[in-house]
Structure formats: C-alpha cells, structure tokens
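Peer 1: Quick one: sequence and predicted model below, then my questions.
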Amino acid sequence: MTEQMPQATSIINQVRHNSKAQIEARQQAESQVVTNATKPLPNAIVKSNKAMKKLFKQLIALNDPFTEADGISLNTLTYNLHLKAQNEQKLLEFDIEDEQYERFLVRLEKIDKKINESMKQLCLPLTNRLSLANDMAKVMIEEKETRADDERTTTSSKPIK
C-alpha cells in the first residue's frame with residue numbers, strides 16, 4: 001500500500017491550539033503563497049457558452065484559492081463537466097438494449113476519467129501551496145524567536161549606568 005501525505009489545510013480551518021504568533025506567521029505565509037491577486041479566466045470556448053460560463057463561475061465561487069495558474073485545469077474541468085451533462089441527456093434517449101447505449105456509457109467513463117484528472121490537477125497545486133505556506137510559517141516563527149533571543153542578549157549585556 002502506498003502511504004499518502006497528510007493534506008495541508010489553511011490555518012483558518014485548523015482545530016489545533018496555535019499561539020497567536022504561530023497563527024499570524026501562518027496567515028502571512030499563506031497570503032504570500034495562496035494569493036488571490038489573480039483569478040482564473042475562462043477561455044474562449046467557456047466564454048461563448050452560457051451554461052459553461054455559469055459552471056465556471058460556480059466552481060470559482062466554491063473554491064476561492066484558485067489563481068490564474070489554475071485556469072487551464074479549471075477550463076478543462078468545466079468543459080468536461082458540460083460534455084458529461086450533454087452525454088447523460090443523450091444516454092437517456094436510448095433503450096438499454098440499444099447499441100448506442102453501450103457506446104455512450106463507454107464515452108461517459110472516458111469523460112469521468114478526464115474530470116477526475118482535472119480535479120487532481122486543481123487539488124495538487126493548492127495542497128502544495130498550503131504545504132509551502134506551512135513551511136514558510138515555521139521559518140518565520142524561528143526567525144522571530146531568533147530575533148527575540150538576540151534582543152534579550154543585547155539588552156542584558158548593556159552596562160547599567
């Protein structure tokens with residue numbers, strides 16, 4: 001069995017008891033890594049179809065941390081979800097005994113695989129970004145502690161007048 005890495009979660013969604021300094025450092029690191037300064041943009045195909053454009057906007061609303069870098073995967077996911085819905089509608093028109101029914105089932109399985117691949121591509125970058133933010137927060141906390149130690153040693157080494 002392969003061992004999976006634990007999923008990194010945003011500091012806001014964590015239930016651990018972190019110190020105020022740890023929370024601030026983590027939020028600062030997350031804001032640098034999971035930036036919402038850029039938003040994914042729909043491509044020409046998604047823009048031209050009302051249903052796909054609506055779905056694209058819904059996906060963005062559900063997953064705020066998406067950035068422009070996630071745009072390609074998000075457009076692919078939107079297209080494949082729309083394609084799946086169309087094929088499901090056509091599948092309902094056929095009798096179970098019809099040859100076309102089996103062809104559409106196979107087609108839907110292929111589309112499902114593409115949807116899962118797009119979802120994985122969207123999930124990994126976010127997980128990696130949150131993991132990176134966690135590492136950055138640890139470094140920032142260590143730096144603050146080092147500075148505080150340095151300040152304590154400098155103030156204690158000053159001669160009293």
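Peer 2: That came in fine, so what should we check first?

Peer 1: Okay, now the unreliable bits of the chain?
Peer 2: Within the chain, the ranges that satisfy pLDDT under 70 run 1-16, 31-37, 64, 124-126, 128-137, 140, 156-161.

Peer 1: Identify each of the helices in it and give its residue range.
Peer 2: All helices of the chain, identified by DSSP state H, fall at 20-33, 44-48, 50-62, 71-91, 99-157.

Peer 1: Next, format these as TSV and append mean neighbour count.
Peer 2: For the C-beta atoms, the positions are set from N, CA and C on the backbone; glycine is no exception. Converted to TSV, the helices of the chain look like this (neighbours: other C-beta atoms under 10 Å):
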stretch	mean neighbour count
helix 20-33	17
helix 44-48	13
helix 50-62	15
helix 71-91	18
helix 99-157	14
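
Peer 1: what sits against L105?
Peer 2: By C-beta atoms under 8 Å, 6 or more residues apart in numbering, the residues touching L105 are L91.

Peer 1: repeat that for 6 Å
Peer 2: By C-beta atoms under 6 Å, 6 or more residues apart in numbering, no residues touch L105.

Peer 1: do N87 as well
Peer 2: 104, 107-108.

Peer 1: Check L41 too.
Peer 2: Listed by C-beta under 6 Å, 6+ apart, the contact set of L41 reads G71.

Peer 1: Now it: phi and psi?
Peer 2: The phi and psi values for L41, taken as degrees, to the nearest 10, are phi -110, psi 140.

Peer 1: Return the distance of stretch 61-69 from the chain's centre.
Peer 2: Relative to its chain's centre, stretch 61-69 lies at 7 Å (C-alpha atoms, centre = their mean, to the nearest Å).
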